[in-house]
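1. from the sequence below, what's the structure:
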Amino acid sequence: MSATQTLRTTNQSLRMLIDELAIARENPRAVTCEHLAGVLSELLAAGELLRDRVGAECDDELTREIAEYQQNVERLRTLLPGLQAKLLTERAHLESERAHLEAAAAWAKARKSSS
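-> Reported below is the predicted structural model:
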């Protein structure tokens, strides 16, 4: 597969994953490890391809794909801080819920023991 085809495939996958992350911003529980692993995998693959091509000639098509890749990375860069904030809020909520459940379980166990 040529560098252009590889980068085009990477851009398509990144675009899809970034769109899913953008939608999931409103519902942090919709963000899965698979989403984040997919984004990381695509970024690593593109990074390796681009490192291997440093100093090489680029045709117009590859130049367009590189420009699209840069746009995808910029979009991801603007999306991630908001997503991180939502995920941290969700984590705090889940930890609070867990603490509440643990306290309720301890209360129920103590109540059962005293009966």
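
2. please make it C-alpha for all contacts and neighbour counts, starting now.
-> Noted.

3. can you pull the phi/psi pair for the residue most central in space within the chain?
-> With distances taken as C-alpha atoms, centre = their mean, the residue of the chain nearest its centroid is L36 (3.2 Å). Main-chain dihedrals, L36, degrees, to the nearest 10: phi -70, psi -40.

4. does R8 touch A67 like I think?
-> No - contact between R8 and A67 fails when scored by C-alpha atoms under 8 Å: they sit 10.9 Å apart.

5. these two: which has the busier surroundings?
-> Remark: of R8 and A67, R8 carries more neighbours, 20 against 12, as counted by other C-alpha atoms under 10 Å.

6. what's the closest non-adjacent residue to that one?
-> E65 (6.1 Å; C-alpha to C-alpha, 6 or more residues apart in numbering).

7. for N11, see how far away that neighbour is.
-> 7 Å (C-alpha to C-alpha, to the nearest Å).

8. between these two, who's got more neighbours?
-> Neighbour count, other C-alpha under 10 Å: between E65 and N11, N11 has more, with 23 against 20.

9. give the burial count for the residue nearest to that one when sequence neighbours are not counted, as a bare number.
-> Nearest residue to N11, sequence neighbours excluded (C-alpha to C-alpha, 6+ apart): Y69, at 5.9 Å. By other C-alpha under 10 Å, 21 other residues sit near Y69.

10. again, but for P28
-> Count around P28 with other C-alpha under 10 Å applied: 19.

11. do L83 as well
-> 19.

12. elements contacting the longest helix seen in the chain?
-> Selection of the longest helix in the chain by residue count, based on DSSP state H, yields helix 60-114. The contact analysis (3 or more C-alpha pairs under 8 Å, 6 or more residues apart in numbering; DSSP states H and E) places helix 60-114 against helix 3-24.

13. so what touches the helix it packs on?
-> For helix 3-24, contacts defined as C-alpha atoms under 8 Å, 6 or more residues apart in numbering pick out 30-31, 35, 38-39, 42, 45-46, 49, 61-62, 65-66, 68-69, 72, 75-76, 79, 83.
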